[in-house]
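**Student:** Here is my input, please return the structure:
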Amino acid sequence: MAIKRYLVLVTALVGMGLGTVWWKTCAVQMGYRAVRLERELGRVDEEERIEDWKLIGLTSPTNVRKVAGGMGLSAEQREATKAAETGRRGDQARRPAVAARR
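**Tutor:** Residues are numbered from 1 along each chain as shown. Below you'll find the predicted structure:
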């Protein structure tokens, strides 16, 4: 009878040890993943900042005039068109990109 008690005790201790090791392994993996996600977030923020600066450069009045001149648009035609005032940027289903002024 004493051997069964020791066997149950040893089994319980081994099970508790395995549970502790499993829990600690999961915690360490979550830590590594958190660090990887923070690094990725920093990289994405940097890329977004670069793309914003590119967009600012492309939509500057000087660049727009240069592109419009290259397309053969006159000043009167540029004044006759304006950006739509409703909707969000990129929302093509709700509004046209350019609306003509009448």
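
**Student:** The chain: helices as residue ranges?
**Tutor:** Secondary structure of the chain, counting by DSSP state H: helices at 2-58, 61-70, 75-80.

**Student:** Any chance of these in TSV with mean pLDDT and mean neighbour count as columns?
**Tutor:** C-beta: built from backbone N, CA, C; applies to glycine. Below are the helices of the chain laid out as TSV (pLDDT from 0 to 100; neighbours: other Cβ atoms under 10 Å):
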stretch	mean pLDDT	mean neighbour count
helix 2-58	95	10
helix 61-70	83	11
helix 75-80	52	10
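
**Student:** any idea how far the most centrally placed residue in the chain lies from Met30?
**Tutor:** Nearest to the mean C-alpha position of the chain, by Cα atoms, centre = their mean, lies Val44 at 6.4 Å. Relative to Met30, Val44 is positioned 20 Å away (Cβ to Cβ, to the nearest Å).

**Student:** do Met16 as well
**Tutor:** Separation of Met16 from Met30 (Cβ to Cβ) stands at 21 Å.

**Student:** for Leu7, same thing?
**Tutor:** For Leu7 relative to Met30 (Cβ to Cβ), the value is 35 Å.

**Student:** Domain boundaries for the chain, per the record?
**Tutor:** Residue ranges for the domains of the chain, per automatic domain parsing: 1-59, 61-84+97-102.

**Student:** Dump the C-alpha coordinates for stretch 45-54 into CSV.
**Tutor:** Taking only C-alpha atoms (Å, rounded to 0.1, in the frame of the first residue of the first chain), the coordinates of stretch 45-54 have been written out as CSV:
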residue,chain,number,x,y,z
ASP,A,45,5.8,53.3,-38.4
GLU,A,46,9.0,54.2,-40.1
GLU,A,47,7.6,53.0,-43.5
GLU,A,48,4.4,55.0,-42.9
ARG,A,49,6.4,58.1,-42.1
ILE,A,50,8.5,57.7,-45.3
GLU,A,51,5.3,57.1,-47.4
ASP,A,52,3.7,60.2,-45.9
TRP,A,53,6.7,62.3,-46.9
LYS,A,54,6.6,60.9,-50.4
